[in-house]
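**Student:** Kindly generate the corresponding structure for this input.
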Amino acid sequence: MILANATVVEAAGRRDGLHIRIDGERIAEIADRPLAGGDLPVLDLRGQTVMPGLIDCHVHAMALIADLQRLERLPMTYVTAHAAKILEAMLRRGFTTVRDAGGADWGLKEAVRLGLIAGPRLFIAGFALSQTGGHGDFRAPTAEVDACPCCSLRAGLARIADGVTEVRRAARDELRKGADQIKVMASGGVASPTDPIDNTQYSIEELTAIIEEARAWNTYVMAHAYTPRAIIRSVECGVRTIEHANLIDDEAARIVAAHDAFVVPTLATYDALARFGRGLNFPEESLAKLSRVSEAGLRSLEICRRNGVRMGHGSDLLGDMHVHQGREFVLKGEVLSPAEVIAGATTVNAAILGKAGELGVIAVGAFADLIVLEGDPLADLALLGTDGPHLKAVIKGGNFAVNRLA
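**Tutor:** A predicted model of the protein is given here:
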């Protein structure tokens, strides 16, 4: 098809009156004049805004409920059926690519690729790696250690591995099963019941071993980390992306920037948990830990920007709170400029995924992943990441996922 008379908004700015020819999955030609397309359909987008498809680099497609301890007791068939609906809704909000941060497997990714499930392009971490008692260990404090704890978490988001030998095996196993990147829990978390926010998780030797295995497969490690100590340990070992980073300070931010690593803030989840978590059975012990990281979220953006840290875009929502995925844009807009927020969800996230020039841009040779909006996202970030009549079209790989164009 040819998209004519489009106003294109990207991280780099606005371009008016462009004509875009899509050939198969990719953009074949862009010009400031009408394009000859033979008998190709021409869609006149005068007065509409065209943007690259959005990218969310921290989702949990398998997290159909907020109580992650209960999630691990649900049948995988039931969880997968819900995941299909969650992914379809993400695509209908304009997210044409997402990075799953724990839980999704090769089967789910392949089902999306083959069109069995309508969803965004999916980059998976498989099961995240957690130490015993870490952020991925959702067993009750009274539970005994299982003989094979990783096998008891098949419907959850993480697996337990301790010691250099075990973490090497676990990383290799997730890569064998199709992981695009490895996720580690490097600090305490909110959703896990027993670990304090400010503890560090995994030894330097364990972290180093996991990173070595990822690099052997020409990929990288993403690390859940809140505190400066956890962040510094992670990036000095070679972690590529720090997830959340709410409690980051200037020293840690400078070290992240010096190691050319990324931070992926996820403010929407704390906002949603504070407003809706109790009603959605988010555990009380987790709600008690929430305020500390929630209050620091916006400040972490200021610190990262001041120190030149590249910030991606994530949401990290659980259960029914997935509908608030677009809230991340509005929250970030309280500190960052609209162009910076858009960059995080397009070009920066594409760089994180190793797909710069192919995703997150409107350029010749890039995937034809596009959204068409009524309105100007540079003036109103609330237009982004939400489904509704303002979202006129979502195009993934040259095909309409949503089409409300006249």
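**Student:** which residues of the chain fall in helices?
**Tutor:** 68-71, 76-92, 106-113, 163-176, 204-216, 228-237, 250-258, 267-276, 284-306, 327-332, 338-343, 349-352 (DSSP state H).
**Student:** Let's have the ones you listed in TSV, adding mean pLDDT.
**Tutor:** Below are the helices of the chain laid out as TSV (pLDDT from 0 to 100):
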stretch	mean pLDDT
helix 68-71	88
helix 76-92	97
helix 106-113	97
helix 163-176	98
helix 204-216	98
helix 228-237	98
helix 250-258	98
helix 267-276	93
helix 284-306	89
helix 327-332	98
helix 338-343	98
helix 349-352	98
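**Student:** mind giving me CSV with these and columns for distance to residue 320 and mean neighbour count?
**Tutor:** C-betas here are computed from N, CA, C, even on glycine. Below are the helices of the chain laid out as CSV (distance: least, Cβ to Cβ, whole Å; neighbours: other Cβ atoms under 10 Å):
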stretch, distance to residue 320, mean neighbour count
helix 68-71, 13, 20
helix 76-92, 10, 18
helix 106-113, 20, 18
helix 163-176, 28, 18
helix 204-216, 33, 19
helix 228-237, 30, 23
helix 250-258, 33, 19
helix 267-276, 7, 22
helix 284-306, 16, 17
helix 327-332, 14, 24
helix 338-343, 25, 22
helix 349-352, 25, 25
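**Student:** between these, which one is nearest to residue 138?
**Tutor:** Of all the helices of the chain, it is helix 68-71 that lies closest to residue 138, at 4.4 Å by Cβ to Cβ.
**Student:** send the alpha carbons of that closest one over as PDB?
**Tutor:** Coordinates of each C-alpha in helix 68-71 appear next as PDB, following Å, rounded to 0.1, in the frame of the first residue of the first chain:
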ATOM      1  CA  LEU A  68       2.200 -14.000  41.400                       C
ATOM      2  CA  GLN A  69       2.300 -16.600  44.100                       C
ATOM      3  CA  ARG A  70      -1.100 -17.800  43.000                       C
ATOM      4  CA  LEU A  71      -0.100 -17.500  39.300                       C
END
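**Student:** and that helix, what other elements does it pack with?
**Tutor:** Judged by 3 or more Cβ pairs under 8 Å, 6 or more residues apart in numbering; DSSP states H and E, helix 68-71 has no packing partners among the helices and strands.
**Student:** where does that helix sit relative to the chain's centre, distance-wise?
**Tutor:** 21 Å (Cα atoms, centre = their mean, to the nearest Å).
**Student:** ditto for stretch 5-24
**Tutor:** That offset, for stretch 5-24, works out to 25 Å (Cα atoms, centre = their mean).
**Student:** before we move on, back to that, right, and the helices of the chain - which one's nearest residue 120?
**Tutor:** Closest to residue 120 of these, according to Cβ to Cβ: helix 76-92, at 5.2 Å.
**Student:** If the closest residue to residue 234 other than its chain neighbours is in a bridge, with which residues?
**Tutor:** In this structure, residue 234 finds its nearest non-sequential neighbour in residue 223, 4.4 Å apart by Cβ to Cβ, 6 or more residues apart in numbering. Counting by DSSP bridges, residue 223 forms beta bridges with residue 184, residue 242.
**Student:** residues contacting residue 223?
**Tutor:** 183-186, 230, 234, 239, 241-243 (Cβ atoms under 8 Å, 6 or more residues apart in numbering).
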